[in-house]
Structures are given as C-alpha cells and as structure tokens.
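Chemist: Coordinates for the following, if possible.
(one chain, ligands or ions: 1)
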Amino acid sequence: MARNKYDIDETLQTEFNFSHLKRLATYIRPYRGDMIFTVFLLTISSALSMLAPVFLMKIMDEFIPDKNIAGIVIISVILLAIYFIISIILRMKITITSRLGQNIIHTIRADIFKHLQELPFSYYDDKPHGKIQVRVVNYVNSLSDLLSNGIINTITDLFSLFFIVGFMLYINVRLTLICLIGLPLLMVIIFVIKKKQRVAWQLSSNKSSNLNAYIAESINGIRVTQSFTRENENIKIFNTLSGDYSKAWMRAIRLNFLLWPSIENISTWTSIAVYVLGISWLDNGMKGITVGVLIAMTNYIGRFWAPINTLASFYNSLLTAISYLERIFETIDEPVLVKDYEGAVDMPPIKGEVEFEDVTFSYEDGLPILNDISFRANVGDSIAIVGPTGAGKTTIINLISRFYNLDSGKITIDGIDISKVTIRSLRKQMGVMLQDSFIFSGTIMDNIRYGNMEATDEQVMEAAKTVRAHDFIINLEQGYQTQVNERGTRLSVGQRQLISFARALLADPKILILDEATSSIDTETEILLQEGLNKLLANRTSFIIAHRLSTIKNSTCIMYVDNGKIQEMGTHEELLERKGYYYELYMSQYKFLEKE
Ligand SMILES: Nc1ncnc2c1ncn2[C@@H]1O[C@H](COP(=O)(O)OP(=O)(O)OP(=O)(O)O)[C@@H](O)[C@H]1O
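Modeler: Here you go, the predicted model:
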C-alpha cells in the first residue's frame, strides 16, 4: 500500500454501521450500574421539578381566590425542599458522570494503544504517525462528552419528556395535541440534514488528521527545516492545512446549528398557537380551560422543548462521535498481519544457525525487493552485508526477526521455520540494533535495561563496561542516573551507539542483527566502537549491515547484495581475488583507507 501523506485524506476501510454503536455499548456495559443509578436520581429530580407548575396552578385557581395564606406558605416550603434535593442530585450526577466518562475513555484508549503495540512495521510504513496519534488522543477525547453527560442526559430527558407530556395531558388534552403537532416536522428536518452532517463530520476528522500528521512531521524534521531555512514554506503548508480544517469544521458545525433554529421556530409557533387558541377558548368559557390551566400549560410547553433541544444536541454529538468512532474502531480492527500462526510453539533456546531458503519478499504487491534468496550462516558466523543503497540489506535483516511476512520460501533457525514459532519467543532471543539507535526518555540505566528488564544495576554496568560505554557514562553529571531526552538528543551519535551495544549485549542474544551507522565518527570513538563491537559479537551468530572496513574484514563471510539477489559471498580475500562486485566496492571506497 502506498504511504498516505499529510495532505491526502484517508479513506475509510469500513463505513459506519450500527454495530459500531453496539460495540461502543460494550465499553459502557461495565458501568451500567452507575448509569442506571444516575438516571434514577435524575428522573426523580425531573419528576420533582414537574410538580412546580401544578402547585402554581393550585395557587392561582384555588388558594388565591380562597385567600388561603397557610396553603401558599406550605407549598412554598415544599418547593424550597424540592429545589434543595434537586441541587444535591445534580451535584452527584456531575461527579458520577465525569468519573464514568473518563473510565470508559481510558478503556478505549488502552485498547487502541495495546493494538498499536502489536501492529507490524508495514502498518507504520503506510501511515503518517501524526494520523495515528490523533486517533489515540484527540478522537478518543472527543467522545468524552457523549459518554459522560450525553447518554445519561438523553435517557433522563426521555423520561422528562414522558413526564411532561403526562402532566400536559392531565391538564388539557387539546392544548397538548397542538403542542405535539410540531414534532413530525422536526423529524423531517433531522432526516433531511442527517446525511450531509455525517459527510461533513467525516471530512472534518480527515482534515484534523492531516493537520496533526503535518505537525508531527514538522516537529520530527525541525532540524532539517531550520538547516534549509524552510520555515516560511512550512508555515504556508500549515496555514493551508489549518485553514482546510477550520473550513471543514465550520461547515459541519453550521449543519449542526441548522437544528436549533428549526427547534426554536417550531417551538415558538406551536406556543403561539397554544396561547391564541387557549385564550380564545378561555374567552368562550370552554370547559376545563382556566387561567391556572393556561399558566401551567405555558410553563410545561417551555419545559417540553428543553429536552427536545438536549436530544437534538445529543443527536448532533452522536453524528460527530460516529465519524471519530469509525476511525477508532478501524484502528482497533486493523489486522495484525504478522502474528503467531495457529499452533505456533515457543522457539527452543537458539544455537544460532540461520538459513534462507528461496526467500522472495515484496513490500508492495508485484514489486519484489528480494528474489529467491538462499544462504546459510553457521553458529557463531558473522556475516557482513554490503551492497549499494536500496539493494535490500535492511530488508534481509528485518526478515530474520520476522518483522514482515515472506511472499514465498522460508527462513529457519536451527532448522526450525521461524513462521511456525511464537514471535515473542523468537524476538526475545535476538538482539537487534537498528541504524537509528533509538533512545527513550528516562535514565541511561533504564535505556540499557530495555534489553532485559530483569537485569540488575550491576549487570547493566557490566554490559556497559564490556562494550566500552562505561567510561563516558560515569563522566556524565549523574552517571547512569543521567536523564536523557527522547531520541537521546543530548548524547552524541557514537555515545548512542555504545548505549545500544550495551542494550543488545544485556539481552545476551544468540543471534545479533546490527545496522551499522554510516555516520563519520572520530577515531577515538571509532576505536571504542570497534572494541565494543568485538565484545558484542563474540560467540554469537551476527548479521551486520557493515560500513566500516574493519567490521567487514573481521567478518567470517561477506554477502554482497544487489538487485534483490545475493551477487557474491565469501571472505574478504576470496572476494578480492574474484574481482567481482565486492572488489569494485573495495577499490572505489575502502582501498584508500588501508594506505593511510
Ligand atoms: N517500507 C517500505 N515500503 C516500500 N518499499 C520499501 C520499504 N522499505 C524499503 N523499501 C524499498 O526496498 C528496497 C530495499 O530497501 P532496503 O532498506 O532494504 O535497502 P538497503 O540496502 O538497506 O539500503 P541502504 O543501504 O540505503 O539502507 C528499496 O528500493 C526501498 O525503496
């Protein structure tokens, strides 16, 4: 799959369907006790608040004409008590819903993150990292309001609506029916704008994703940007992406806002109808219409449209949330293409014999990068892989750890097909040191211990001493406890490599895979690295994408890769004698080094 870029909208693999909502319900289910309790409290509060207009009606129609002061006082006290209870209930609701919403969001986020840990390299090859990040953080956050207040308010408002209509019918059936006439009209409006809203929110989430992708890319590439003084161009790209996002968001929100004026209009017109007809019926002395009835009725009509408004706003948030849910579930459902096959067993302790048998591999269908590659490395061999850039060297070493699946052929370790064993048991026994010696934020001690979480401080230091990293570490202001930033920016390239050596050694793997940095390193560090490397390689089978002549010459076998094939294999002397590809490479790049 071609890599998606920051300015290309992502297309959804699966369209939204209602099973997404059902799935969302599974996240909510563990909290249904809390939800039911809150809805119960809110329903009580809503029912209590419904009593006020009835009390008012009683005061207007009975207590005032009868001059019943005691009755008015009693009702006022009851109303005060009711509002006190309502305020306590609302406070409880806020506490419970906030906690509940955050718990649900945490579970969804944890599920995405767990899945991201398992997704293979190919997933990350195709997607800008900012677009992945926005799903874990922003999209999940956007569900917060829906999950905390939205659902509970909606259920409660449905109950309120039920009570309000009940009270209205109790007071006067005719006037109630006039009020309800507006509802079918509202349904039609909702139905008409629904599809447009969905599309608008999808577009808005795409644009926010693009913007995030670009921000992440710009931060990662800030050094190159400033070196090439590309700041102004970057700001222009940012402004375009940010403008696109604003426009998409404005369009979506405008569609959302179409609903409120509609509700306002419908509620105003039906209220006017109730007033006009009510007053004329009162004038005509129609049975059952009194001043108290009209006051109570207008009060209920005001209340009737409030929950309708909340329901409409819930509906809007649901449509917004759906566009995020689609992305969230798409990520959680992303197939883990590199996984344990059924019946996979653990890899027994590795001795270190590695064999490629007719291996063919492509990143993109129909474009093979490796063609029918076969070779064998015996226990303890160190294989230096050389060849022109883009030849497929990194690809070969990535396949040994099974970071990708093969198109055909097989790779065996100690005669066991690596696709038949569990990935964890395979990778745990391998030491991989990639060209970018990634340093995580934390202490130097933590960074080395990454290779073996059970290692003691002494073992960490022992490993650092062996690869010659100890001396520079103890000269840092806090030694092994010195904090380093993500990517290890405060360390030199050579220092980062030495830390990676120590990390790899601590894992004590039988097979070592190294992508040697090409960066020019000062002679002193070069000697240190070479010493470190020699210690690291002793008694292990190793594959090194080698750039230093010393590493190449010290290896048991050199493999020259080009055009997806192994063109030559042999020792330094054998290959020089053959006067083929390696000879050419040596004469053009390394020979002068030996003269110095
Ligand atoms: N994730 C990927 N998706 C698609 N093509 C890729 C991917 N990674 C590498 N390639 C392509 O595969 C080929 C081999 O790449 P590889 O990284 O293995 O080369 P290499 O020999 O290690 O190069 P270098 O010495 O420059 O690091 C190249 O043509 C490259 O463009």
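
Chemist: Not counting residues beside it along the chain, what's closest to Leu51?
Modeler: Ile82 (6.7 Å; Cβ to Cβ, 6 or more residues apart in numbering). Every residue, glycine included, has its C-beta placed from N, CA and C.

Chemist: For the residue in the stretch 401-550 of the chain positioned nearest to the ligand, which residues are in contact?
Modeler: Of all residues in the stretch 401-550 of the chain, Ile545 sits closest to the ligand, at 6.2 Å by Cβ to the nearest ligand atom. Applying Cβ atoms under 8 Å, 6 or more residues apart in numbering, we find Ile545 in contact with 385-386, 393-394, 397, 435, 514-516.

Chemist: Which elements pack onto the strand or helix carrying Asp34?
Modeler: Secondary structure from DSSP states H and E places Asp34 in helix 32-58. Here helix 32-58 touches helix 69-118, helix 151-171, helix 291-333, going by 3 or more Cβ pairs under 8 Å, 6 or more residues apart in numbering; DSSP states H and E.

Chemist: Let me know the angle separating the last one from helix 151-171.
Modeler: Meaning helix 291-333. Using axes from the mean of the first three to the mean of the last three Cα atoms, to 10 degrees, the inter-axis angle of helix 291-333 relative to helix 151-171 is 160 degrees.

Chemist: how about the helix or strand following helix 291-333: buried residues?
Modeler: Toward the C-terminus, helix 291-333 is succeeded by strand 354-362 as the next helix or strand (DSSP H and E). Neighbour counts over strand 354-362 (16 or more other Cβ atoms under 10 Å) mark 354-356, 359, 361-362 as buried.

Chemist: hang on, the earlier thing: check the gap between the residue nearest to Leu51 and the ligand for me.
Modeler: Distance of Ile82 to the ligand, computed by Cβ to the nearest ligand atom, to the nearest Å: 66 Å.

Chemist: can you offset everything so residue one is 265?
Modeler: Noted, 265 is the first residue going forward, which turns the last one into Ile346.

Chemist: Give me every residue in the chain lying close to the ligand.
Modeler: Proximity of the chain to the ligand is confined to 389, 627-628, 633, 651, 653-659 under the rule Cβ under 6 Å from any ligand atom.

Chemist: Show me which of the residues you listed are buried.
Modeler: 633, 651, 655-657, 659.

Chemist: Return the subset of those residues lying in strands.
Modeler: In strands, defined here by DSSP state E, the members of these are Ile633.

Chemist: hmm, which two among the buried ones among the residues of the chain next to the ligand are most spread apart?
Modeler: Ile633 and Gly651 (12.4 Å; Cβ to Cβ).

Chemist: before we move on, back to that, the residue nearest to Leu315 touches Leu312, doesn't it?
Modeler: Yes - counting by Cβ atoms under 8 Å, Ile346 touches Leu312, with 4.7 Å between them.

Chemist: what would the buried residues of strand 618-626 look like in CSV with pLDDT and distance to Gln490?
Modeler: Below are those laid out as CSV (pLDDT from 0 to 100; distance: Cβ to Cβ, whole Å):
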residue, pLDDT, distance to Gln490
Val618, 95, 43
Glu619, 96, 47
Phe620, 96, 43
Val623, 96, 42
Phe625, 96, 38
Ser626, 94, 37
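
Chemist: For the ligand, state which of those residues is nearest.
Modeler: Ser626 (8.4 Å).

Chemist: Show me the beta-bridge partners of the closest one.
Modeler: Pro632 (DSSP bridges).

Chemist: show me what contacts it?
Modeler: 632-633, 671.

Chemist: 10 Å instead?
Modeler: With contacts defined as Cβ atoms under 10 Å, 6 or more residues apart in numbering, Ser626 is in contact with 632-635, 659, 668, 670-671, 828.

Chemist: same deal with Asn711?
Modeler: Shown in contact with Asn711 (Cβ under 10 Å, 6+ apart): 701-705, 724, 744, 748, 752, 755, 760, 763-764, 766-767.

Chemist: burial count for the residue nearest to Pro392 when sequence neighbours are not counted?
Modeler: Closest residue to Pro392 apart from its sequence neighbours, by Cβ to Cβ, 6+ apart: Ala477 at 3.7 Å. Ala477: 25 surrounding residues under other Cβ atoms under 10 Å.

Chemist: now for the strand or helix carrying Ala477, which elements pack on it?
Modeler: Ala477 is located in helix 446-484, with elements delineated by DSSP H and E. For helix 446-484, the elements it packs on are helix 393-398, helix 486-491, helix 495-521, helix 523-547, helix 555-597, judged by 3 or more Cβ pairs under 10 Å, 6 or more residues apart in numbering; DSSP states H and E.

Chemist: give me that answer again for 8 Å
Modeler: With contacts defined as 3+ Cβ pairs under 8 Å, 6+ apart, helix 446-484 has these neighbours: helix 393-398, helix 495-521, helix 523-547, helix 555-597.

Chemist: what's the angle from it to helix 523-547?
Modeler: Going by the same axes, to 10 degrees, helix 446-484 makes 160 degrees with helix 523-547.

Chemist: which residue sits closest to Gln745, ignoring its sequence neighbours?
Modeler: For Gln745, the spatially nearest residue (Cβ to Cβ, 6+ apart) is Thr707, at 5.1 Å.

Chemist: Give me the below-cutoff pLDDT ranges for the protein.
Modeler: 265-268, 276-281, 751-753, 781-790, 855-860 (pLDDT under 70).

Chemist: Show me it divided up by domain.
Modeler: Taking automatic domain parsing as the criterion, the chain consists of the domains 282-597, 603-693+804-860.

Chemist: Can you add distance to Ala728 and give those domains back as JSON lines?
Modeler: Formatted as JSON lines, these follow (distance: least, Cβ to Cβ, whole Å):
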{"stretch": "domain 282-597", "distance to Ala728": "27"}
{"stretch": "domain 603-693+804-860", "distance to Ala728": "18"}
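
Chemist: And for the closest residue to Arg691 other than its chain neighbours, the neighbour number?
Modeler: Closest residue to Arg691 apart from its sequence neighbours, by Cβ to Cβ, 6+ apart: Ser665 at 5.7 Å. Other residues near Ser665 number 18, with proximity taken as other Cβ under 10 Å.

Chemist: Contacts only, for Ser665.
Modeler: Applying Cβ under 8 Å, 6+ apart, the residues near Ser665 are 690-691, 694, 696, 777.

Chemist: can those go into CSV with extra columns for secondary structure and neighbour count?
Modeler: Below are the contacts of Ser665 laid out as CSV (DSSP: H, G, I helix; E, B strand; the rest coil; neighbours: other Cβ atoms under 10 Å):
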residue, secondary structure, neighbour count
Leu690, helix, 23
Arg691, helix, 17
Met694, strand, 23
Val696, strand, 21
Ile777, strand, 22
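
Chemist: where exactly do the helices run in the stretch 615-764 of the chain?
Modeler: Taking DSSP state H, counting those that start in this stretch, the helices of the stretch 615-764 of the chain run over residues 657-664, 687-691, 708-713, 721-730, 734-738, 757-770.

Chemist: Minimum distance to Thr418: which of those has it?
Modeler: That would be, of the helices of the stretch 615-764 of the chain and by Cβ to Cβ, helix 687-691, which comes in at 44.2 Å.

Chemist: Pull the distance from the closest one to the chain's centre.
Modeler: Distance of helix 687-691 from the chain centroid (Cα atoms, centre = their mean, to the nearest Å) equals 25 Å.

Chemist: My guess is Thr835 contacts Asn818. True?
Modeler: No - with contact defined as Cβ under 8 Å, Thr835 does not count as touching Asn818 (10.5 Å).

Chemist: who touches the residue nearest to Gln745 in this structure?
Modeler: Shown in contact with Thr707 (Cβ under 8 Å, 6+ apart): 744-748.

Chemist: What's opposite it in the beta bridge?
Modeler: Under DSSP bridges, the beta-bridge partners of Thr707 are Gln747.

Chemist: what residue lies at the spatial centre of the chain?
Modeler: A centroid search over the chain (Cα atoms, centre = their mean) returns Val400, at 2.4 Å, as the residue closest to the centre.
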